[in-house]
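Trainee: structure here, sequence nowhere to be found:
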């Protein structure tokens, strides 16, 4: 969420508290963004502490240059590559890792990024603008079936097939290359609208998740985080969408229970593989006060686990 041009970090205090920071510890901010969480973590560390942060958005990397602190290292990587980032930084084990998943307010508010239908701009949607296919490039080549699956699966949009047909028909006349074009096509295909929500919301979300492979990146990152954590280290994840939260919830649940093996195997309970994580408390949501000040916080869900 933005106030003026400032990015407001969601669940800032709650997330940092959840990390149970040791002053001399080593921590990883897997989604630096504009550095709200990183700055607060640095405040809790002493001169021996260390913070590694990663982000794939070049604008986030540029913003991070303002932090002139020898304890801090920022790497231009996707969060699905945190193991490589840690290795390059000479970090073998960490005391806590924080993920704040999803698009940031500056990315939405900077119209040229193509994340929002509020601005008529190039349909880009890449979080890392230095590589990969833009949303416009993908829409130009994808088949009706592919577009339907992406919008249905990642946007949970009932009219996904109708939207896909509109896009494929429209591109025969002219390329669909702007957010305005795509939003107009979606609105023309969606027959019923949810109160208070633009008809294009779900499709824009779906396209963004697909172009950036957000769910795949998350599925890659979580096991890497557990591998990096030392015993007693905390894994803290903030999600803003049910698809992401489902991945996190299921992963933490699976990692916090012993492997289920066939009952026919002649093994005692103490011979079963031990769980890797311990769940810490229940899912945390933003307070009414925070939601009032920052409406984006309404959908935030934070889950916490500890390495055993």
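Mentor: Noted; the coordinates are in hand. Keep in mind that this is a model prediction, so the values were computed, not measured. Numbers count the residues shown, from 1 in each chain.
Trainee: farthest from the middle of this structure: give me that residue.
Mentor: Distance from the C-alpha centroid of the chain peaks at residue 266, with 42.0 Å (Cα atoms, centre = their mean).
Trainee: look up how far residue 257 lies from that one.
Mentor: 21 Å (Cβ to Cβ, to the nearest Å). For every residue, glycine as well, the C-beta is placed using N, CA and C.
Trainee: tell me the pLDDT at the residue farthest from the centre of the chain?
Mentor: Residue 266 carries a pLDDT value of 70.
Trainee: ditto for residue 292
Mentor: For residue 292, the model assigns a pLDDT of 95.
Trainee: separation between it and residue 286?
Mentor: For residue 292, the distance to residue 286 equals 10 Å [Cβ to Cβ].
Trainee: tell me which of the two has more neighbours.
Mentor: For residue 292 and residue 286, the more surrounded residue by other Cβ atoms under 10 Å is residue 286, and the numbers stand at 22 against 11.
Trainee: I'd say the more buried one and residue 11 touch.
Mentor: Yes. Shown here, residue 286 and residue 11 form a contact pair, counting by Cβ atoms under 8 Å, at 5.9 Å.
Trainee: hey, what's in contact with both of these two?
Mentor: Residues touching both residue 286 and residue 11 by Cβ atoms under 8 Å, 6 or more residues apart in numbering: 297, 300.
Trainee: pretty sure residue 298 sits in a helix.
Mentor: Yes. Residue 298: assigned to a helix according to DSSP: H, G, I helix; E, B strand; the rest coil.
Trainee: just give me the neighbour total for it.
Mentor: 14.
Trainee: in the chain, where is pLDDT below threshold?
Mentor: 1-7, 259-264, 267-271 (pLDDT under 70).
Trainee: go again using 50 as the cut-off
Mentor: 1-5 (pLDDT under 50).
Trainee: gap between the spatially most central residue of it and residue 244?
Mentor: Centroid-nearest residue in the chain: residue 101, 2.2 Å away (criterion: Cα atoms, centre = their mean). Distance of residue 101 to residue 244, given as Cβ to Cβ: 5 Å.
Trainee: mutual contacts of the two, please.
Mentor: In contact with both residue 101 and residue 244: 214, 218, using Cβ under 8 Å, 6+ apart.
Trainee: would you map the strands across the stretch 201-308 of the chain?
Mentor: 229-239, 277-279, 284-285, 301-307 (DSSP state E, counting those that start in this stretch).
Trainee: that should have said the stretch 51-200 of the chain, apologies.
Mentor: Going by DSSP E, counting those that start in this stretch, the stretch 51-200 of the chain shows strands at 72-76, 94-100.
Trainee: Throw the ones you listed into JSON lines and include mean neighbour count, thanks.
Mentor: As requested, the strands of the stretch 51-200 of the chain are exported to JSON lines (neighbours: other Cβ atoms under 10 Å):
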{"stretch": "strand 72-76", "mean neighbour count": "20"}
{"stretch": "strand 94-100", "mean neighbour count": "25"}
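Trainee: dump the ones you listed to CSV, plus distance to residue 25.
Mentor: Output for the strands of the stretch 51-200 of the chain, formatted as CSV (distance: least, Cβ to Cβ, whole Å):
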stretch, distance to residue 25
strand 72-76, 14
strand 94-100, 4
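Trainee: tell me if I'm right that residue 18 and residue 304 touch.
Mentor: Yes. Shown here, residue 18 and residue 304 form a contact pair, counting by Cβ under 8 Å, at 4.7 Å.
Trainee: what sits in contact with each of those two?
Mentor: Shared contacts of residue 18 and residue 304, counting by Cβ under 8 Å, 6+ apart, come down to 234, 236, 280, 284.
Trainee: top of those residues by neighbour count?
Mentor: Going by other Cβ under 10 Å, residue 236 tops the shared contacts of residue 18 and residue 304 with 27 neighbours.
Trainee: state the distance from that residue to residue 206.
Mentor: For residue 236, the distance to residue 206 equals 27 Å [Cβ to Cβ].
Trainee: check residue 266 too.
Mentor: For residue 266, the distance to residue 206 - Cβ to Cβ - is 48 Å.
Trainee: now do the helices in the stretch 201-308 of the chain.
Mentor: Secondary structure of the stretch 201-308 of the chain (DSSP state H, counting those that start in this stretch): helices located at 201-211, 214-228, 242-255, 288-293.
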